[in-house]
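In: take a look and give me a structure for this.
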Amino acid sequence: MNIYSMTNPAITAALGERLEEWRLTRNMTQQMLAAEIGITPKSYRQLVAGGGKLENYIAALRALHKLDLLENLLAPVPISPLQQLKMRGKERQRARPTLSKSQPGGMAPEEQGVDW
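Out: Predicted coordinates for the structure are as follows:
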């Protein structure tokens, strides 16, 4: 199945078909699953047909113990290597002593022979 060649309604219909397969695997009737997720059987049939609310689909996945299928969608987006390189320039690379006016000649302590 090439998902990129499918239309949005075709994808939602395929998701509904998959929901039905999982329901049957769990040996649940449509009425049982609808009651468990708190929707009417008609609303469940809408989900299977590719309609309905995303929240109801997620509730159905939870009831069918398939919620882990959403894990990839909710994983943190990794920072690209280019972004990391850009951010790296903003990280501190070394410490520099500050020059104070109270030091003679405005020299850093190591330049004055002071051993800290």
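In: where along this structure do the helices fall?
Out: Along the chain, the stretches classed as helices by DSSP state H are 8-25, 30-37, 41-48, 54-63, 71-74, 81-88.
In: other residues contacting the second one?
Out: Helix 30-37 has contacts (Cβ atoms under 8 Å, 6 or more residues apart in numbering) with 23, 28, 40-41, 43-45, 48, 56, 59-60, 62-64. All C-beta atoms are positioned from the backbone trio N, CA, C, and that covers glycine.
In: which of those count as buried?
Out: Listed as buried from these are Arg23, Met28, Tyr44, Arg45, Val48, Asn56, Ala59, Ala60, Ala63, Leu64; burial here means 16 or more other Cβ atoms under 10 Å.
In: the last one contacts Glu21, correct?
Out: No - checked against Cβ atoms under 8 Å, the pair Leu64 and Glu21 is beyond contact range at 9.9 Å.
In: quick one, what contacts the closest residue to Leu69 other than its chain neighbours?
Out: Spatial nearest neighbour of Leu69, chain neighbours left out: Leu61 (6.5 Å); criterion: Cβ to Cβ, 6 or more residues apart in numbering. Applying Cβ under 8 Å, 6+ apart, one finds that Leu61 lies in contact with Leu19, Leu67, Leu69, Leu70.
In: please consider this matter closed, and thank you.
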